[in-house]
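Colleague: model the following, please.
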Amino acid sequence: TFDAMADRLQANDVARRNLAADIAHELRTPLTLLQGGCEEVIDGLSEPTVEHFVQMHDDVLRLRRLVDDLGALAAADAVLAGPGLDLQPCDLADVAATAIDAIQPLADANQHRVVRDLAPAAIVADPVRLGQVVTNLLTNAIKFTPAGGTVHVSVHRDDATGAATLMVADDGPGIPAADRAHVFERFYRGQASRTTAGSGIGLAVVEQLVKAHGGTVVLLPAQEGACFAVTLPAAPASRYDPVVQ
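Modeller: You can find the predicted model right below:
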């Protein structure tokens, strides 16, 4: 147990250093572009045209999205680190349906079809945090699936254990084998996703929130597209319960 604790402390220390380096890297590009654009105008090298300000505004929006993503990740970390869940009886199917309804306009705008297969699955969880999990998975599926594609969302319950499973699958190009082991890493963006807007934080938030509920999230093998499965226990174990190894 002591060795495991030491390993976790070392891993957390490495993760903190890597996170600081990743944040600095992500912030450097838009800040450099903003600085360069301002200096060009100040030095008289370019005129302060509307196009110039539009480009600078785009850089500001990129920074804002990154800051918002970092805030979501910090909130997810806080939930995992201490009591931060508003646990209550809820139905995972209802949570998924609410998230789908909220994101339906985005799916319609991208000409995506969202198929629901939601069976009742009563659990004890934080419905707001779970809604964030479903929303992040749906957003990713829509983002990386070409127009006209289909996203399938299913919920079912294991009668033997009471555990509930949420699955979000799409028929997009899928995730390359080299990237599959890294999809939940913070700021990780595979070669195929670097042309798509995003910071690489959404799935890290999903993993943190699922862990906080005592559940698991995995990327399942699929013939086409990507398929994520979230499994949640009927009631999350106390974070102070002894761990049996």
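
Colleague: what is the least confident helix or strand in the chain?
Modeller: helix 50-81 (a mean of 73; mean pLDDT, DSSP states H and E).

Colleague: any low-confidence regions in this structure?
Modeller: Across the chain, the ranges flagged by pLDDT under 70 are 11-12, 14-23, 25-26, 72-84, 186-200, 235-245.

Colleague: all helices for it, in order.
Modeller: Using DSSP state H, the helices found in the chain span residues 2-42, 50-81, 92-109, 127-143, 177-180, 202-212.

Colleague: now the ones you listed as TSV including mean neighbour count?
Modeller: From N, CA and C alone the C-beta is placed, and that goes for glycine too. TSV is the format used below for these (neighbours: other CB atoms under 10 Å):
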stretch	mean neighbour count
helix 2-42	12
helix 50-81	15
helix 92-109	18
helix 127-143	22
helix 177-180	12
helix 202-212	23
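
Colleague: which of these sits closest to residue 152?
Modeller: Ranking those by their distance to residue 152 (criterion: CB to CB) puts helix 127-143 first, at 8.9 Å.

Colleague: so which of the helices of the chain gets nearest residue 220?
Modeller: Across these, closest to residue 220 is helix 177-180 (CB to CB), at 10.2 Å.

Colleague: just checking, what packs against the closest one?
Modeller: Contact partners of helix 177-180 among helices and strands, from 3 or more CB pairs under 8 Å, 6 or more residues apart in numbering; DSSP states H and E: none.

Colleague: going forward, the N-terminal residue is numbered 699.
Modeller: Will do, 699 is the new start, and the previous item becomes helix 875-878.

Colleague: please state the offset of that helix from the chain centre?
Modeller: 17 Å (CA atoms, centre = their mean, to the nearest Å).

Colleague: spatially central residue for this structure, please.
Modeller: Against the mean C-alpha coordinate of the chain, by CA atoms, centre = their mean, the closest residue is residue 900 at 2.0 Å.

Colleague: need the helices of the chain in JSON lines (columns: distance to residue 817).
Modeller: Output for these, formatted as JSON lines (distance: least, CB to CB, whole Å):
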{"stretch": "helix 700-740", "distance to residue 817": "37"}
{"stretch": "helix 748-779", "distance to residue 817": "27"}
{"stretch": "helix 790-807", "distance to residue 817": "6"}
{"stretch": "helix 825-841", "distance to residue 817": "15"}
{"stretch": "helix 875-878", "distance to residue 817": "28"}
{"stretch": "helix 900-910", "distance to residue 817": "20"}
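
Colleague: so which of the ones you listed gets nearest residue 851?
Modeller: From the helices of the chain, taking CB to CB, the stretch that ends up closest is helix 790-807, at 5.8 Å.

Colleague: mind saving the C-alpha coords of the closest one as CSV?
Modeller: What follows is helix 790-807, C-alpha atoms only, in CSV (Å, rounded to 0.1, in the frame of the first residue of the first chain):
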residue,chain,number,x,y,z
LEU,A,790,-29.2,7.5,-16.7
ALA,A,791,-31.6,7.3,-19.6
ASP,A,792,-33.3,10.5,-18.6
VAL,A,793,-29.9,12.2,-18.2
ALA,A,794,-28.9,11.1,-21.7
ALA,A,795,-32.2,12.2,-23.2
THR,A,796,-31.8,15.7,-21.7
ALA,A,797,-28.3,16.0,-23.1
ILE,A,798,-29.3,14.8,-26.5
ASP,A,799,-32.2,17.3,-26.6
ALA,A,800,-29.8,20.1,-25.7
ILE,A,801,-27.3,19.2,-28.4
GLN,A,802,-29.8,18.3,-31.1
PRO,A,803,-29.5,21.8,-32.8
LEU,A,804,-25.8,21.2,-33.2
ALA,A,805,-26.4,17.8,-34.7
ASP,A,806,-29.1,19.3,-37.1
ALA,A,807,-26.7,22.0,-38.1
